[in-house]
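Q: Have a look at this prediction, sequence included:
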Amino acid sequence: MTIVTGVTARVPAKLNLQLAVGPPRADGYHDLVTVFHAVSLFDEVTVEPAGHDTVTVTGEGAAHVPHDGDNLALRAVAALRTAARGGAAAGGVRVTIAKRIPVAAGLAGGSADAAAALVACNDLWTAGLTPQQLGEVAAAIGSDVAFALLGGTAVGRGRGEHVTPALAPATQYHWVLAFADGQLATPKVYAALDRLRAPRGSGGDGSPPGSGGSGGSPPRVSTALMSALRSGDAALLGRALSNDLQPAALSLFPALRKTLAAGLELGALGAIVAGSGPTCVFLAGTAERALELAVSLSGAGVCRSVARVTGPTAGAALVPAQG
Ligand code: ATP
């Protein structure tokens, strides 16, 4: 008989179909309105009982991930232990993260790992937090953690931590991700956005059309995007993608212009920088078109590697134990 001691959760990367960024707040953060979309690129997080909390990271970009209490998965473990009121079962855990989501790529891999750690420890400790209670713990850990729990397509407000599912038919979209040879630190991209906006005043910040955000006004959800999602029409969705952080990411990583242009020339229905970058995201009309696009993009030498993914997909969930 196999004795199962560990619990594994699988968690998706996120795209931002819209990222509208308001002016900086007094605390230095920016109010956002974003439309999150979970896609089929997954990290796996396993937790096992141990004397004290440790983390081991393997896979894509593991060397760039903190192996101490700064790791977002370990922060999630500590936050859940507190929320579970230090129940007798909430002992130390050995956390093992198998990464496929590239690090500092605009895909919220760290937040994803935190969400997976919450789901896995809630099960390991039989802590019994409801999805809503887990969502509250998640929102206190980081901006994107609550969405990584929820998955699907959802509107995020505040710093992104207040999430509401978007009402849309169950259309499956085909995306190609172009991973860059390098990383972008999210705070540096926001600082670059503030610099780009500063001399131009409100309303003239260089955001792409339809983004709904500007340097001076509160960000709003894009009606063009929501109506594209309701219609399930990939061509409309491609035209409605927007990201206020894109000009800032391009200013810090100019090579991405060539990547975006190549994808559009190769027939993508839409092209956008993922979150704070530097991953570039392309929408294709069908699985076949996504395959052609992925092959052509990797041959064009405009990125480090490519991946085909679909969305929306479910949020962090337990992986059934084997054996
Ligand atoms: P953000 O979520 O801030 O938009 P991102 O999506 O671009 O960022 P992440 O992969 O989440 O990128 O990593 C951002 C930073 O978070 C990394 O540089 C890393 O130092 C830190 N980090 C902490 N824990 C993790 C983790 N488990 N996986 C990846 N990065 C982590």
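A: Sure thing, it's come through.
Q: Which residue is the nearest non-sequential neighbour of residue 162?
A: residue 156 (6.7 Å; C-beta to C-beta, 6 or more residues apart in numbering). (C-beta placed from N, C-alpha, C; glycine too.)
Q: residues touching the one you found, list them.
A: 32, 33, 34, 35, 36, 143, 144, 146, 147, 162, 163 (C-beta atoms under 8 Å, 6 or more residues apart in numbering).
Q: swap in residue 178?
A: 259, 263, 279, 280, 281, 282, 297, 302, 303, 306.
Q: Next, it: phi, psi?
A: phi -110, psi 110 (degrees, to the nearest 10).
Q: And the pLDDT at it?
A: For residue 178, the pLDDT comes out at 98.
Q: Could you shift the numbering so residue one becomes 5, and keep it that way?
A: All set: I'll call the first residue 5, so the last point we hit is now residue 182.
Q: Mind listing the residues bridging to it?
A: Beta-bridge partners of residue 182, counted by DSSP bridges, are residue 284, residue 310.
Q: is the helix or strand harbouring residue 199 up against the ligand anywhere?
A: Applying DSSP states H and E as the criterion places residue 199 in helix 190-201. Yes: Helix 190-201 lies within reach of the ligand by C-beta under 6 Å from any ligand atom, at residue 190.
Q: Which neighbouring elements make contact with that helix?
A: strand 11-28, helix 250-256 (3 or more C-beta pairs under 8 Å, 6 or more residues apart in numbering; DSSP states H and E).
Q: from the chain's centre, how far out does the helix or strand just after that helix sit?
A: Sequence-wise, the next helix or strand downstream of helix 190-201 (DSSP H and E) is helix 227-235. Taking the mean of its C-alpha atoms, helix 227-235 sits 20 Å from the chain's own mean (C-alpha atoms, centre = their mean, to the nearest Å).
Q: So which residues make contact with the next helix or strand after helix 227-235?
A: Next helix or strand after helix 227-235 toward the C-terminus (DSSP H and E): helix 238-244. By C-beta under 8 Å, 6+ apart, the residues outside helix 238-244 that reach it are 21-22, 175, 177-178, 214, 226, 228-229, 231-233, 272-274, 287-289.
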